[in-house]
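Sequence plus the predicted model coming up.
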Amino acid sequence: MTLLGQFIETITKHSALCSSPLSFLGESHRYGLASIMVCQCLKCFTLFRFTSSEITSYNTTNHYTVNIGAALGQIATGGGADHLKEQLACIQVPSLSSPTFINLERTMGAAFEDTVGKQLLAAGQVERRMAIAQGNYHNGVPAITVVVDAGWSKRSHKHSYNANSGVGVIFGAATKSLLFIGVRNKYCSICAINTRNGKPIPTHCCYRNWSGSSCSMEADIILEGFRQSEEMHGLRYLWLIGDGDSSVYHNVVTGVPSYGRDITKVECANHAVKCYRNRLEALCNDKPDYRSKHGLSQAMMKRITHGARCAIKMHSVTGDIAALRHDLRNGPRHYFGLHDACNSAFCLHKSNLSSGEIIPL
C-alpha cells in the first residue's frame, strides 16, 4: 500500500470511530519536493500528519525519496540544481535548495561508488569461476578475455583531443560484465577559480587527477585496470579485445610486470571494418578520379565494407587466417564483377557458375 493509501486508511478509521469528519489544515513543513500535511479531527481535535514521500536511509542519513529521485534525474541528464529549478518553475513547483541538492549529489555519489564496487567484484568472481571451469590458466592464475574501450567528455575523432575528462572501462568477454572503470579529470572548478583569483586553494574533494594529454587518458586507465586485475579479481587479462589504438596495447605489454609480455591483442571487428572504410575514403581523396558512379561511390564503398564484415564473421568460425586475408584483398574485385579469384564459400557467382545461373552483385 502506498504512503497516501496508508494515511487515508488511518484517518478513515478514526473518522468512523469518532463519528466526526476531519479538516485538512494544509502544509505544515516542506523539505525540498516533500511536504508534511496536517489534518485535524473536528470532534476530538486529534492531529494527523503525513508526508508526501517516503524516507530512504543511507549511512545513518535520512532523505526523502522524491528529493533523491529529482537529484538522480539531473545527474543522469547532466543537469544541476539550477536546471532543476528552471524546470520546476515552469510548472510552479518549489525546487530543492542548492545546499540540499549538493548534499544529495554527494550522498548519491558515495552510494554509486559503493554499489559499483560490489558489482565489479561480483562480476570478477563469475569470470574467475568460468575460467577455472574451462581450464584457462596462465602460470597457475585463471586467465580471461576482456574488452576495453574509453570515451571522452568531448566528441573527437582523429582531431581535437582536448577533452577535460575521460573514462575507460574493461569488460569480461564471457559475461559482458564490467570488471573495471577508471576516470581521468584535468579540471577542478574550485582549484581553477581560486587560482585565477590569486587565492589559496581551500581543502576540498578535488577530482583533478590528470595533467597529461587527453588522448593518453585511455592508455593510462586501461593500464591501471590490468595492473589491478590480480589484486581485484584474482585474474589475468591475457586476451585483449580493443580498437586500433596501438598505445593501449603497448602500455599494457610494457607496463604490467607479471604477465604483460604474454598478453595477446584481438582486433575488434567493428573498428577493423571502420578503419577499412576510412582507407577507402582516403583513397578517394588521394585519387579523386576513383570517386565516380561506376567507381568507388558511397554505395560501392558501403558494399565493399559489408563484404569485409561478412568475411571476418565467416572466418572467425573457420579460423583460416590465410583465407581471410585473401577474401579481404579480393573484396573490391568481387564487387566490381571479377570473380575468378573469389572464394566459392563467399561468392555466389562462382559457386553457381557451372549451372549458368546469373546472380546480381
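Everything's here; your move. Numbering: from 1, shown residues only.

Can you show me the strands along the stretch 1-150 of the chain?
In the stretch 1-150 of the chain, the strands defined using DSSP state E, counting those that start in this stretch lie at 22-31, 34-41, 47-51, 55-58, 61-64, 137-138, 141-152.

any idea which helix or strand comes after the host helix or strand of residue 170?
Taking DSSP states H and E as the criterion, residue 170 maps to strand 165-172. Going down the chain from strand 165-172, the next helix or strand is strand 178-185, by DSSP H and E.

Would you indicate which residues of that next one are buried?
179, 180, 182, 184, 185 (16 or more other C-beta atoms under 10 Å). For every residue, glycine as well, the C-beta is placed using N, CA and C.

With pLDDT and distance to residue 283 added, can I get the residues you listed in a markdown table?
As requested, the buried residues of strand 178-185 are exported to a markdown table (pLDDT from 0 to 100; distance: C-beta to C-beta, whole Å):
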| residue | pLDDT | distance to residue 283 |
| --- | --- | --- |
| 179 | 96 | 39 |
| 180 | 96 | 38 |
| 182 | 94 | 37 |
| 184 | 92 | 36 |
| 185 | 92 | 39 |
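
Between those residues, which sits nearest residue 5?
residue 179 (43.2 Å; C-beta to C-beta).

Return the closest of the buried residues of strand 178-185 with respect to residue 266.
Comparing the buried residues of strand 178-185 against residue 266 with C-beta to C-beta places residue 179 closest, at 16.3 Å.

contacting residues around residue 263?
Contact analysis of residue 263 by C-beta atoms under 8 Å, 6 or more residues apart in numbering lists 226, 237, 238, 239, 240, 249, 252, 253, 256.

if you set the cut-off to 10 Å instead, what comes out?
Residue 263 sits next to 138, 143, 146, 226, 236-240, 249, 252-253, 256 when contact means C-beta atoms under 10 Å, 6 or more residues apart in numbering.

and if you look at residue 84?
So residue 84 contacts 32, 33, 70, 71, 73, 74, 93, 95, 96, 98, 101 (C-beta under 10 Å, 6+ apart).

8 Å instead, please
Per C-beta under 8 Å, 6+ apart, neighbours of residue 84: 70, 71, 73, 74, 95, 96, 101.

Pick the one among the residues you listed closest to residue 285.
Once C-beta to C-beta is applied, the member of the contacts of residue 84 that ends up nearest residue 285 is residue 74, at 43.8 Å.

List the neighbouring strands of the strand or helix carrying residue 239 plus their orientation.
If you go by DSSP H and E, residue 239 is part of strand 236-242. According to DSSP bridges, strand 236-242 forms sheet pairs with strand 141-152 (parallel), strand 264-267 (parallel).

mind checking how far residue 6 is from residue 304?
Residue 6 sits 66 Å away from residue 304 when distances are taken as C-beta to C-beta, to the nearest Å.

of these two, who's got more company?
residue 304 (19 against 10; other C-beta atoms under 10 Å).

next one: stretch 100-113 to chain centre, how far?
Taking the mean of its C-alpha atoms, stretch 100-113 sits 20 Å from the chain's own mean (C-alpha atoms, centre = their mean, to the nearest Å).

Quick check: buried residues in that stretch?
Buried residues in stretch 100-113 (16+ other C-beta under 10 Å): 100, 101, 103, 104, 105, 107, 108.
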